[in-house]
Structures are given as C-alpha cells and as structure tokens.
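> All I have is the shape, not the residue letters:
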C-alpha cells in the first residue's frame, strides 16, 4: 500500500472549480500507479490564518532567508532547515505527521500564490512541501499551480521551493513563462487537471425545455463595479441573441442577490448551490457559450465542448488560459460591453465551428496531461527521464500584462495576517468523503473512475464496504461486493 498526501486539497469546498481540480488530481495520481496498487489518500486542506501565522509575521525576513539558505545549501542550511521544520510542525500539527509518513507528497496551490506576502499567504504556502522534501526526504510532485506575484520576495521564495521539487507543473502559459523567468528552469507546462472533468446529470435540471441558454459566472478580480457591469453585459446579450442566462455562481453571492432582486422569475436559470462540478460541466454542455472571469468555470466549459468569452480575473492566468485554448479573442475588461456583446452574437452564429475548434484544443490538452501522467509515473518508479516536453503553444509574457495585474493587486502584500483563536487545522476527512464526486461522472469516465475507486477500496475497508452498498443502485459502478 502507498500513502499519498495531497497538500492544499480544496475538493470539499462548495466552489466547483476547487472540486474539479482536486478530485481530478486524485484520479490523475491514482493513474500513476499499477492497477493492483492499494492507495491511501490523505487530504491536507488549505488552512486559514491562525495565531501561529500572525506570530511568524514578525519573523518574515528570517523565514524567507531560511528558504534561501536551505535551497543554496549554505553553511547555515542545517539550522535554517530545523527552524523551518519547527515552524511547519507548529503550524500544521497532525498534518505534518501525516505528510512525514507518506510515500508521495502532491502539492497544489491553484491560484493562491500572489495573494500577499505575509506568512500565511507567502512562505507558509510553500512551507509544508518544502520541509517534506528537504527535512523528511519525501518525493514531492507539484501540479495545478499558477505562478504569479507582484512581490519579488514571494516569486523568489516560490522559485526556491518549486525548483527543489521532483516535478513542478504549471497550469497555463503565463505562469510557465514567469516561473522560468524567475529561475524555475525545469518548470513544466501541464494544464489544469479540471480539463479532465466528465459530464454528469443533475437529478432535476434548472433548464426549461425548448429554451436556449448561455452560461454566466463572475470574476475573482475585486472590482467594485464588476457585478453591475457583468449583469449589464448579460442583459444586452439576452436582448441581442434571445438566449436566457444560466447563472453558475458558487461564490459570487452578491451577484446572485442582484439577479434575484432585479430579474423576473423565468427570465433566467441558476445552477443549484448543492450541485457538484461534473454536474455543472453537464449543464455547460447544454449552453451556447460561457461568459466568465472565473478561471475554472472557463475550463469546465471547455471540457464540456462549450466556447468561452473570457473576462479579466485577479491575475494573468485568464490570459494564459485563453492562449492555451487557442483563442484569438482578447480577455475582456468589464467595461468592454459592446465588444463582449458583439463576440457573443458571433459565437452564437458560428456555434458548430466554435465547438469543433474547442474540442480539438481540449483533445490536445488532454493528450498533454496523459503524457505528463506517464512522465510522473516514471519519476515515481525511479526512472531517469529527460525534461518533460509539453508541445503546447508558448505564451508571450509582456511587461504590459505584468504591469496591468501589478496595478490590480497593489497593496495586497502589505496586509497583516488576521486570525481567529485556536489552531485552525481543519478536518481530517477520510476517502469516503470524495466518493460522491468520483461517482458522478462514472458513466462518462468509467475506466479512470473505477480504477481509482478500486485502488482506494484496496487500502480502506470502509471505502470497499460503501462501494459494495452503492453498486446495486449506481449505474456504471462495478460490483465491489466480492
């Protein structure tokens, strides 16, 4: 049996993008092992700020310096590593013990890097995997990661960490380019694993029969006018195309409230808050296009074969995503209303060719992910391998795009950590907690899902018992009663 710890697992959140990238990561890693290998997954959550974090804010220079001394193997590397290990154990508690006992450590930070330079949002993000690699001699694989910060000290710290891991994959071209510029010479281009999302049906669809829809989501950029401007775009698109909006909002609650107060019942539909990511992907497949500044929503739409009209986000990851999708269209600012409406009309009028283009690009992306899986399997097996070659179009990172997002994010690094009382370690959830999302897409993704479930069941009798119980009522689920 192999023990695998996933650091910063976000699959238990209500956020559909977090669910997709984390649950698909489990299936991806399971596929790196032989079919008869029992796999015991542990899910280390992305922890909130605690009083420990606030205290280490007072030692930030020492923390950053310790990373540098360890990565450069200076004369003070040993004492610096002991200092970082102490901080790691103090903050992560029992999670540190779980990671220390693991056979493989998988790190994903998604878009968390770049949100600040204090301890919790800066070096703590890299702390546990860095200590696992250097102090505990664990193999560390990093995936599903953007590389972005307007703070030089954060970029340097991240480069020192990622450069020391056994494999570091970044999820879109802009991040790959910036990582390489900052010294991560072996930065691999591996698209976000949410591209592997299957489609699933909801028990009851929110879409009215005979109506045409386009999907709408929000944006992570904290522009105070974003909701008003996006809703204006939606109203003009509805008028120009005759399509109804399907609101896909797992986090933008204020936009949900605005729609409830402003739009008449029946003039729009909404994805239920309790939906799971594969069900959202299934709904996107029934829409003409998605209008969104949410990174993972755009990926789920692409996975469904649905075209995207992409709005700006809180870093250059949306520009990198547009490049990855082979789009010749710009990432729009919220105020570009006329251009957005024009694009929506054009996409609707050319739906067949738009869908063919996105399907071809997603095939290329999935082929790249599969090759990365074989490459990582080789690393796990101890093979000596050449650098991973992705074959994807490079992104041309310009000073202008960096300056744009620097302006959007200026001042974030100056904010101190805020913390509630207590250690705030989160819950240690068993593998039973991810059975539902794994089962959602089993009809479309039967081989990968079943193989993952079998490996989990071989490691955990409770998982095997629950799958045996569910096999009688779940279409597509192999009999686990034997």
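Cool, got the structure. Quick caveat, the model's predicted, so the values are computed rather than measured.

> Assumed residue 43 was part of a strand.
Yes: looking at residue 43 with DSSP: H, G, I helix; E, B strand; the rest coil, it is inside a strand.

> and it, how many neighbours does it have?
25 (other CB atoms under 10 Å). Where C-beta positions appear, they are placed from N, C-alpha and C, glycine not excepted.

> Next one: it from residue 6, what distance?
Between residue 43 and residue 6 the distance is 6 Å, computed by CB to CB, to the nearest Å.

> How about residue 285?
Taking CB to CB, one finds residue 285 at 28 Å from residue 6.

> quick one: which of these two has more around it?
When residue 285 and residue 6 are compared for neighbours, residue 6 comes out ahead with 26 against 16, by other CB under 10 Å.

> Need phi/psi at that one.
phi -100, psi 120 (degrees, to the nearest 10).

> Can you give me every residue that contacts the nearest residue to residue 234 once chain neighbours are set aside?
Among residues not flanking residue 234 along the chain, residue 245 sits closest, at 5.0 Å (CB to CB, 6 or more residues apart in numbering). Taking CB atoms under 8 Å, 6 or more residues apart in numbering, we find residue 245 in contact with 213, 214, 215, 216, 234, 237, 238, 268, 269.

> before we move on, what about residue 376?
Here residue 376 is in contact with 32, 141, 167 (CB under 8 Å, 6+ apart).

> Now do the SS call for the closest residue to the last one other than its chain neighbours.
What it means is residue 167. Of all residues beyond its chain neighbours, the one nearest residue 167 is residue 141 (4.9 Å), with distances taken as CB to CB, 6+ apart. Three-state call for residue 141 (three-state DSSP): strand.

> do the same with residue 194
helix.

> Repeat that for residue 392.
Residue 392 ends up coil, using three-state DSSP.

> Mind checking which of the contacts of residue 245 are in helices?
234, 237, 238 (DSSP state H).

> of the contacts of residue 376, closest to residue 324?
residue 167 (19.3 Å; CB to CB).

> Tell me where the stretch 101-250 of the chain has helices.
For the stretch 101-250 of the chain, helices defined by DSSP state H, counting those that start in this stretch occupy the ranges 123-134, 152-162, 173-181, 226-241.

> Out of the ones you listed, which gets nearest to residue 300?
That would be helix 226-241 among those, by CB to CB, at 17.9 Å.

> From the contact counts, what lies against that closest one?
strand 213-219, strand 244-247, helix 253-262, strand 290-293, helix 337-349 (3 or more CB pairs under 8 Å, 6 or more residues apart in numbering; DSSP states H and E).

> Tell me who's in contact with residue 268.
Residue 268 neighbours (CB under 8 Å, 6+ apart): 244, 245, 246, 247, 259.

> what's the burial count for residue 49?
For residue 49, using other CB under 10 Å, the count is 19.

> Looks like it contacts residue 120 (just checking).
Yes: using CB atoms under 8 Å, residue 49 makes contact with residue 120 at a distance of 4.5 Å.
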